[in-house]
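# no sequence for this one, just the structure:
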RNA sequence: CGGGGCGUAGCGCAGACUGGUUAGCGCACCUGCCUUGGGAGCAGGGGGUCGGUGGUUCAAAUCCACUCGCCCCGACCA
């Protein structure tokens, strides 16, 4: 295509007030514009990239036998009421009424509707298994859109749903999706990990997320390089180092005004690992005293899975419930529910609050001096060791680019998706659901592939394969050679992508500097530079965007050399 | 929803504290000349509800109140 006909509004100056690199570069290089908080317009270049990703998604979905369909995004409330999500989901759902006053909502995801159609049409085991997918808009009234295209209120998602007769079938569908996802993200040029994840309200069965590591990511993942253990920090387990036992006499110590673990630890000259931090939380049912080692933090997701939704007690609430000032609460002599983290060792003596202002107690022995419920409620820390192989672990920030969930009968039961098996017995369809966010894939690709000059697209999802840059449009020899190359290269079959080469020619009457800057910004993998200097020697220049490595080749070999350079790059 | 910040030309900003010419600068844009290997130069030109509403004042971009929008941190994220 011709640059002069394309709408590519690049910006000379860097937009201020935003920090995700992908957000900055998508705006600056003219890929997207923002309409309102969490609403983005994809301009020609951005839309081409999304479509490149969508083609890969379709190919890999079809490869596992998935069938593309398309569902409405406007849904009647009844179906969501039947599964209960109309009530369990709160402000995050866009709701509206039609002219007759009927309750409707905008689809945040499509489990309900997919199950509805399956329930209506699938009657026999002979019709199973099925995998249906779509690339469709979702709407969620996000509390806080952020990171440009990373978390938006309206976004496109590839979502697929599997329908099987039994759990073995579900295992196969799940596994096929996992394999398809590995192929998809590899083909898109991402660095990624498959990690264990919290299924959240999707179900309580197995689920995994596909995570692309980058500092702009919202999630944290725990990784072991030795055995490959990988988990979202929300569910990750680890072995914290246990300190050696120190003898201390069971006694009260005067700790005037020393409230935090840090303060008391410094005051007594004792490592924080020998402290038990006592935190009062309040659930819908009851107050709970949560005990965790002094140097650890609570993983609120893990705790919530045990006691349900909770909030930390305010100093006033704590005083009212326990009669003690915050800072001096300890695990001894309470009548309320006690939950302790497993990393608190029964073989070690600890210090904690004395339940009395300005005093702490030394020499506490867990199980002897207090008897809690033991659970894993600790947030994994980088000094911990791998839960599986005890090797050192890493924690990285990452973007969730995809997820796979086993749903079981969570939706098929309430929506009555029942089939008859070989024996004529009624059974619920066993389901799975699987999502990928193409815009997140694009953003993650930019996060992982950029330099000071701009985007460096993996060639599989670049908006064009080749950019031809005639430096001086006023020079007839330059334009003649450029046009010839444009035509010839466009006719070449691109066996990497299974289509013809997509070539962009910068035919604008701009100065060379402008063209170079824009070319680097928009990040097309191969630049073909045609200038008068080179032409005098009968040569043109081929430059790889990623490495900046360039070579001069004679005009008669140009086409072959351009194509070779394209295949060499990644 | 809590905390912080910002709204002045398409973009980036100054002016505000201490009210007072016609609201300014760089880039972008338009016309002409010139130039063509890393965002050129000269000359001329267009573009503003100073986010909105109300108030104080002889006078408001500037002070006050309310409100809307956006960004960042947190909560949330099916």
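Noted; the coordinates are in hand. Quantities reported herein were computed from a predicted structural model and do not represent experimental measurements.
# What ranges does the stretch 151-300 of chain A have for its helices?
Using DSSP state H, counting those that start in this stretch, the helices found in the stretch 151-300 of chain A span residues A:167-187, A:261-268, A:300-307.
# any chance of the ones you listed in CSV, with distance to RNA strand B, mean neighbour count and mean pLDDT too?
(Glycine included, C-beta is placed from N, CA and C.) Output for the helices of the stretch 151-300 of chain A, formatted as CSV (distance: least, C-beta to the nearest atom of the strand, whole Å; neighbours: other C-beta atoms under 10 Å; pLDDT from 0 to 100):
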stretch, distance to RNA strand B, mean neighbour count, mean pLDDT
helix A:167-187, 16, 18, 98
helix A:261-268, 20, 17, 88
helix A:300-307, 6, 18, 86
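# want to try JSON lines for those, with distance to residue A:277 as columns?
Conversion of those to JSON lines gives the following (distance: least, C-beta to C-beta, whole Å):
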{"stretch": "helix A:167-187", "distance to residue A:277": "39"}
{"stretch": "helix A:261-268", "distance to residue A:277": "5"}
{"stretch": "helix A:300-307", "distance to residue A:277": "13"}
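# With respect to residue A:234, which of these lies nearest?
helix A:300-307 (4.2 Å; C-beta to C-beta).
# Which elements pack onto the closest one?
If you count contacts as 3 or more C-beta pairs under 8 Å, 6 or more residues apart in numbering; DSSP states H and E, helix A:300-307 packs onto strand A:276-283, strand A:337-341, strand A:373-375.
# hang on, the earlier thing: between the helices of the stretch 151-300 of chain A, which one is nearest to residue A:290?
So among the helices of the stretch 151-300 of chain A, helix A:300-307 is nearest, using C-beta to C-beta, at 6.6 Å.
# Now the residue nearest to residue A:214 when sequence neighbours are not counted: which helix or strand?
Computed as C-beta to C-beta, 6 or more residues apart in numbering, the closest residue to residue A:214 that is not its neighbour in sequence is residue A:447, at 3.7 Å. Per DSSP states H and E: residue A:447 is located in helix A:438-448.
# any idea which helix or strand comes after that helix?
strand A:450-451.
# what about the helices of the stretch 151-300 of chain A, which gets the closest to residue A:350?
helix A:261-268 (11.1 Å).
# contacts for that closest one?
If you take C-beta atoms under 8 Å, 6 or more residues apart in numbering as the criterion, helix A:261-268 is touched by A:253, A:255, A:258, A:271, A:272, A:275, A:277, A:294, A:295, A:351, A:360.
# Check the burial of the first one by counting its neighbours.
Just to be clear, that refers to residue A:253. 17 (other C-beta atoms under 10 Å).
# That one reaches residue A:364, doesn't it?
No - the criterion here is C-beta atoms under 8 Å, and residue A:253 misses it with residue A:364 at 11.8 Å.
# if we can go back for a sec, contact partners for the residue nearest to residue A:214?
Residue A:447 touches A:20, A:21, A:22, A:212, A:214, A:215, A:216, A:217, A:399, counting by C-beta under 8 Å, 6+ apart.
# go on, residue A:247?
Contacts for residue A:247 (C-beta under 8 Å, 6+ apart) come out as residue A:349.
# Tell me the spacing between it and RNA strand B.
Distance, residue A:247 to RNA strand B, using C-beta to the nearest atom of the strand, to the nearest Å: 38 Å.
# do residue A:379 as well
Going from residue A:379 to RNA strand B by C-beta to the nearest atom of the strand gives 11 Å.
# contacting residues for that residue?
If you count contacts by C-beta under 8 Å, 6+ apart, residue A:379 has them with A:233, A:296, A:297, A:298, A:299, A:302.
# Touching, the fourth one and residue A:278? I think so.
No - counting by C-beta under 8 Å, residue A:278 is not a contact partner of residue A:298; they are 11.5 Å apart.
# Mutual contacts of these two, please.
Common contacts of residue A:298 and residue A:278 (C-beta under 8 Å, 6+ apart): residue A:290.
# Compare these two and say which is more crowded by neighbours.
Ranked by neighbour count (other C-beta under 10 Å), residue A:298 and residue A:278 place residue A:278 first, with 27 against 18.
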